[in-house]
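> Give me the fold of what follows.
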Amino acid sequence: KVSIVDTGQKTMTGGRLKRLKKFVDGETFMLTYGDGISDVNLKKLLNFHKKNNKISTLTSVRPPARFGAIKINGAKVTYFKEKSKLDEGWINGGFFVFEPKIFKYIRDDKTYLEREPLQQISKKGQLLAYKHNGFWQCMDTLRDKSLMEKELKKKKTLWKNKLIIKDYLNKIKKIEKDIR
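Numbers count the residues shown, from 1 in each chain. Below you'll find the predicted structure:
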């Protein structure tokens, strides 16, 4: 079952999650921020989570490299690599699996999920990372949107179903138009 819930514009990410408690009904559930596009296999993500029996699993991804990397010793460059994904660390890709126990770590609408709740369960060894090496692209900026539009124009795209992304981009265009 998929639910889209208006949790309010001023509610932080943890508060938004807490407002979904009545929809979860005590079961394991999945969540995404909705501002990223990925080919993460949700069944594998869920199976990984259930196999490891923790409060939460986040999908970790390597961000697309924007800059090259160098290492410096004094003034001497000892390492140079132009825009390599391999030099980047892992980040939160925004696709989660949660157990209902997560709700006890969220105080109210002002709680940021990424701060107190995830930091606390991480310290308790209750947060896992499902490493996703496939496609992932955030959609936070106009630059990100332009990158995705370029990807869609390629004949050989990473996506099996371009209609999903086109629909997503069309919704973004409508929102941008409504804002203006």
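
> So, low pLDDT: which residues of this structure?
Where the chain drops to pLDDT under 70, the residues are 66-68, 70, 81-88, 155-172, 175-176, 178-180.

> Break down it into its strands, ranges please.
Using DSSP state E, the strands assigned to the chain run over residues 29-32, 36-38, 56-61, 69-73, 76-81, 91-98, 127-131, 136-138.

> Just say which of those is most tucked in.
Mean neighbour counts were taken over those using mean count of other C-beta atoms under 10 Å, and the top value, a mean of 23, falls to strand 56-61. For glycine as for every other residue, the C-beta is placed from the backbone atoms N, C-alpha and C.

> ends of stretch 132-146, how far apart?
Distances were taken as C-alpha to C-alpha, to the nearest Å; on that basis the terminal residues of stretch 132-146 are 23 Å apart.

> In it, which residues are buried?
With burial defined by 16 or more other C-beta atoms under 10 Å, the residues of stretch 132-146 counted as buried are 132, 136-139, 144-145.

> ok now that stretch, how far from the chain's centre?
What separates the centre of stretch 132-146 from the centre of its chain is 10 Å, taken as C-alpha atoms, centre = their mean, to the nearest Å.

> same thing with stretch 105-113?
Its chain's average C-alpha position is 18 Å from that of stretch 105-113, according to C-alpha atoms, centre = their mean.

> got it, and stretch 27-42?
7 Å.

> Against A65, how distant is K154?
19 Å (C-beta to C-beta, to the nearest Å).

> Those two - which one has more neighbours?
The residue with more neighbours, out of K154 and A65, is A65; 15 against 9, by other C-beta atoms under 10 Å.

> For the most centrally placed residue in the chain, list the residues it contacts.
To find the centre residue of the chain, average its C-alpha atoms and take the closest one (C-alpha atoms, centre = their mean): that gives G94, at 1.6 Å. Listed by C-beta atoms under 8 Å, 6 or more residues apart in numbering, the contact partners of G94 are 32-33, 35-36, 58-59, 138.

> want to throw the strands of the chain into TSV with distance to E114?
As requested, these are arranged in TSV below (distance: least, C-beta to C-beta, whole Å):
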stretch	distance to E114
strand 29-32	13
strand 36-38	14
strand 56-61	10
strand 69-73	25
strand 76-81	29
strand 91-98	7
strand 127-131	11
strand 136-138	14
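
> How many neighbouring residues does K21 have?
With other C-beta under 10 Å as criterion, K21 counts 14.

> Count the neighbours of G14 for me.
With other C-beta under 10 Å as criterion, G14 counts 24.

> surely it meets I121?
No. In this structure G14 lies outside contact range of I121 using C-beta atoms under 8 Å: 11.9 Å.

> Ok, which of the strands of the chain comes nearest F48?
Ranking those by distance to F48, with C-beta to C-beta as the measure, places strand 127-131 first at 4.9 Å.
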